[in-house]
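Enquirer: Mind folding the following:
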Amino acid sequence: MIKYVFFSGKGGVGKTSLSSATAVMLAKRGVRTLLVTTDPASNLGDVFGQEVGLEARPVQGVANLFIQEINPDQALQSYKD
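Expert: As a prediction, this is how the structure comes out:
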């Protein structure tokens, strides 16, 4: 079973589209899936039509799928504090 899948690349290559499609596919197959972005300019909220935040949130209409947005700069500062 797959535990982690990472999507990386420069801007505009389709990371959000591919990672979102993969996450939905896995969730629909019954795999409990967490899709996390560390991109401060992420548009996961637009893709799924709902708010994304620091806490994992269930995706409306897709069982087994959760989304989360972590801002690495804020996380680093929080760790330092």
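Enquirer: in which helix or strand would I find residue 46?
Expert: helix 44-48 (DSSP states H and E).
Enquirer: same question, residue 31
Expert: Residue 31 belongs to no helix or strand, assigned by DSSP H and E.
Enquirer: what about the nearest residue to it once chain neighbours are set aside, neighbour count?
Expert: What sits nearest to residue 31 in space, not counting adjacent residues and going by CB to CB, 6 or more residues apart in numbering, is residue 64, at 6.4 Å. For every residue, glycine as well, the C-beta is placed using N, CA and C. Neighbour count for residue 64, taken as other CB atoms under 10 Å: 17.
Enquirer: cool, residue 29 as well?
Expert: Neighbours of residue 29 (other CB under 10 Å): 9.
Enquirer: next one: residue 2
Expert: 8.
Enquirer: With residue 58 instead?
Expert: Residue 58: 12 neighbours (other CB under 10 Å).
Enquirer: where's the residue lying closest to it once chain neighbours are set aside relative to residue 79, distance?
Expert: Among residues not flanking residue 58 along the chain, residue 66 sits closest, at 5.5 Å (CB to CB, 6+ apart). In this view, residue 66 and residue 79 are 23 Å apart by CB to CB, to the nearest Å.
Enquirer: Which residue ranges of this structure form strands?
Expert: Counting by DSSP state E, the chain has strands at residues 33-37, 57-58, 65-69.
Enquirer: quick one, helices of the protein?
Expert: Remark: helices assigned in the chain by DSSP state H are 15-28, 44-48, 72-80.
Enquirer: With mean neighbour count as new columns, can these be given to me in CSV?
Expert: Formatted as CSV, the helices of the chain follow (neighbours: other CB atoms under 10 Å):
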stretch, mean neighbour count
helix 15-28, 17
helix 44-48, 17
helix 72-80, 9
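Enquirer: And the ones you listed, which one averages the lowest pLDDT?
Expert: Among the helices of the chain, helix 72-80 has the lowest mean pLDDT, at a mean of 85.
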